[in-house]
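In: task: produce atomic coordinates for the following.
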Amino acid sequence: MHIHKYEKWWLVFGTGTLVAFLLIIGVSAFHAGTHPNNSKWTINYEKVNEIAPFDNPGVHKVEGKDWDYEVVLVASAFSYNPMEIEIPVGSTVRFIATTTDVVHGFEVAGTNINMMLEPGYVSEKITTVDKIGEYTVVCNEYCGTGHAMMYSTLKVVDSDDNSSH
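Out: Sure thing, here's the model as predicted:
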């Protein structure tokens with residue numbers, strides 16, 4: 001059987017593209033670390049509300065750490081606990097979050113805070129909040145019928161205003 005030279009070129013091109021694609025996927029999956037959450041901190045997602053620090057969600061001032069505040073957050077079906085987070089401007093904050101049910105997102109719109117929350121894993125992010133304002137926290141991972149209503153608020157306030165509360 002005779003194959004035209006242009007058909008041979010397309011067969012070589014198609015096979016080469018397939019091989020290149022598989023190599024890229026393989027390298028990104030194993031070498032570059034594109035894989036499920038590799039958090040060293042795991043948790044029993046059925047008992048999140050009984051396990052420290054998630055038994056006391058909220059904003060906590062800390063001493064002797066590289067950060068000023070810890071925000072402990074629990075996501076569950078279409079809500080965040082706490083619903084409102086207030087941090088003084090210029091503070092370094094460690095966000096610690098998990099979920100009690102399905103995969104949720106935790107994205108603070110307009111900032112570099114963006115985490116995926118997976119059942120059984122604890123996600124962490126340390127950042128400095130340096131702009132006063134009110135930021136919307138949204139779930140950026142589809143989590144069910146109430147997904148669009150899952151939001152919260154991060155308020156970055158002047159530290160002088162905060163001391164009066």
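
In: flag every buried residue along stretch 113-124.
Out: Neighbour counts over stretch 113-124 (16 or more other CB atoms under 10 Å) mark Ile113, Met115, Met116, Leu117, Glu118, Pro119, Tyr121, Val122, Ser123 as buried. Bear in mind the C-beta positions are built from the backbone N, C-alpha and C, glycine included.

In: excluding its backbone neighbours, what's nearest the last one?
Out: Meaning Ser123. Met115 (4.3 Å; CB to CB, 6 or more residues apart in numbering).

In: checking that neighbour next. Helix, strand or coil?
Out: Secondary structure state of Met115, per DSSP: H, G, I helix; E, B strand; the rest coil, is strand.

In: please state the offset of the longest helix along the chain from the chain centre?
Out: Counting residues, the longest helix found in the chain (DSSP state H) is helix 5-30. Distance of helix 5-30 from the chain centroid (CA atoms, centre = their mean, to the nearest Å) equals 34 Å.

In: and after it, which helix or strand comes next?
Out: Remark: after helix 5-30, the chain's next helix or strand is strand 58-61, criterion DSSP states H and E.

In: who does that following strand pair up with?
Out: strand 69-76 (antiparallel) (DSSP bridges).

In: may I see the buried residues of the strand it pairs with?
Out: Quick answer for strand 69-76 (16+ other CB under 10 Å): Tyr69, Glu70, Val71, Val72, Leu73, Val74, Ala75, Ser76.

In: wait, which of those is closest to Glu50?
Out: Using CB to CB, Val74 is the member of the buried residues of strand 69-76 that lies nearest Glu50, at 11.5 Å.

In: if I look at Pro57, how far off is Ala75?
Out: 10 Å (CB to CB, to the nearest Å).

In: quick check: the residue nearest the centre of the chain vs Met149, distance?
Out: Closest residue to the average C-alpha location of the chain: Met115 at 0.6 Å, with CA atoms, centre = their mean. Met115 sits 20 Å away from Met149, taking CB to CB as the criterion.

In: check Leu22 too.
Out: In this view, Leu22 and Met149 are 41 Å apart by CB to CB.

In: Val74 now?
Out: 17 Å.

In: what residues do Pro57 and Ala75 have in common as contacts?
Out: Overlap of the contact sets of Pro57 and Ala75 (by CB atoms under 8 Å, 6 or more residues apart in numbering) consists of Asn81.

In: from the buried residues of stretch 113-124, pick the one nearest Asp130.
Out: Distances from Asp130 to these, taken by CB to CB, are shortest for Ile113, at 12.2 Å.

In: okay, now Ile96: neighbour count?
Out: For Ile96, the neighbour count with other CB atoms under 10 Å is 20.
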